[in-house]
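Participant: here are the coordinates; sequence isn't available:
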């Protein structure tokens, strides 16, 4: 019998670790002293710590108590009313992104970093969390095919990017198939999808469209010398 594992480590890029950061990321083995210089260690390690939304709820309840906010003494307390109470405290109760999150997110299972970044940005108590860099791998206790790989993400208020090794294999296979068939249109379309996906990670729409135009100009400029040969 083979066992599968997933391990990941990363950093929070911020001014300092505050009670809000501790509440949201404490279950990620948060270490404000390492590596330092504006970065704090976080991790999700198999058979050790797999932060769940229930862990985040515990942290937020502790935060609310620290802020002398009235938290209901309810064993079935859900995270939504606690977030709403804290949103009012931090003046973020009319934040549209947070409201949309509260209306549509299930807050089940593992806590996702992208959502935690949004919550942290709404509850800024001086941490000024600017970005999250997180890198991990999945692996197996037996050397089975395609049970090993890596992934990474960069999350900030401006950019959201994800990537993994299986994606590289899929992209290579699609491009090779198109090139072997002499179908340059299919190859170009596949590359265009990659660029579109990258551009989608730019949050500001106006900036995203400007980058799209700049990229088109850059591709034409870089292609010109080669086409002249």
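Facilitator: Okay, I see it. Fair warning: this is a prediction, and the values are worked out from it, not measured in the lab.

Participant: and the residue nearest the centre of the chain, how far is that from residue 155?
Facilitator: Centrality entry for the chain: nearest residue to the mean C-alpha point is residue 114, 3.9 Å, by CA atoms, centre = their mean. Using CB to CB, to the nearest Å, one gets 6 Å for the distance from residue 114 to residue 155. Backbone N, C-alpha and C define where each C-beta goes, glycine included.

Participant: Could you do residue 121 as well?
Facilitator: As judged by CB to CB, residue 121 and residue 155 stand 11 Å apart.

Participant: Between the two, which has more neighbouring residues?
Facilitator: residue 155 (25 against 18; other CB atoms under 10 Å).

Participant: Show me which positions of the longest helix seen in the chain end up buried.
Facilitator: Criterion DSSP state H: the longest helix present in the chain is helix 205-227. Across helix 205-227, burial judged by 16 or more other CB atoms under 10 Å covers residue 211.

Participant: Identify the residues contacting it?
Facilitator: Surrounding helix 205-227, the residues in contact under the criterion CB atoms under 8 Å, 6 or more residues apart in numbering are 195, 199-200, 202.

Participant: centre of the chain versus that helix, how much separation?
Facilitator: Its chain's average C-alpha position is 27 Å from that of helix 205-227, according to CA atoms, centre = their mean, to the nearest Å.

Participant: could you pull out the helices for this protein?
Facilitator: According to DSSP H, the chain carries its helices in the segments 19-25, 53-66, 79-89, 96-104, 113-122, 165-180, 184-200, 205-227.

Participant: what about the second one, average pLDDT?
Facilitator: The average pLDDT for helix 53-66 rounds to 96.

Participant: Could you check how far that helix is from the centre of its chain?
Facilitator: Centroid displacement of helix 53-66 relative to its chain, using CA atoms, centre = their mean, is 21 Å.

Participant: Could you give me the buried positions within that helix?
Facilitator: In terms of neighbour count (16+ other CB under 10 Å), helix 53-66 has its buried residues at 53, 55-57, 59-61, 63-64.

Participant: picking that back up, dump the contacts of helix 205-227 to TSV, plus pLDDT.
Facilitator: Formatted as TSV, the contacts of helix 205-227 follow (pLDDT from 0 to 100):
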residue	pLDDT
195	96
199	97
200	96
202	97
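
Participant: of all these, which comes closest to residue 89?
Facilitator: Minimum separation from residue 89 among the contacts of helix 205-227 (CB to CB) is found for residue 202, which lies at 31.3 Å.

Participant: so the closest one makes contact with residue 156?
Facilitator: No - with contact defined as CB atoms under 8 Å, residue 202 does not reach residue 156; the gap is 10.6 Å.

Participant: Can you list the low-confidence ranges for the protein?
Facilitator: 223-229 (pLDDT under 70).
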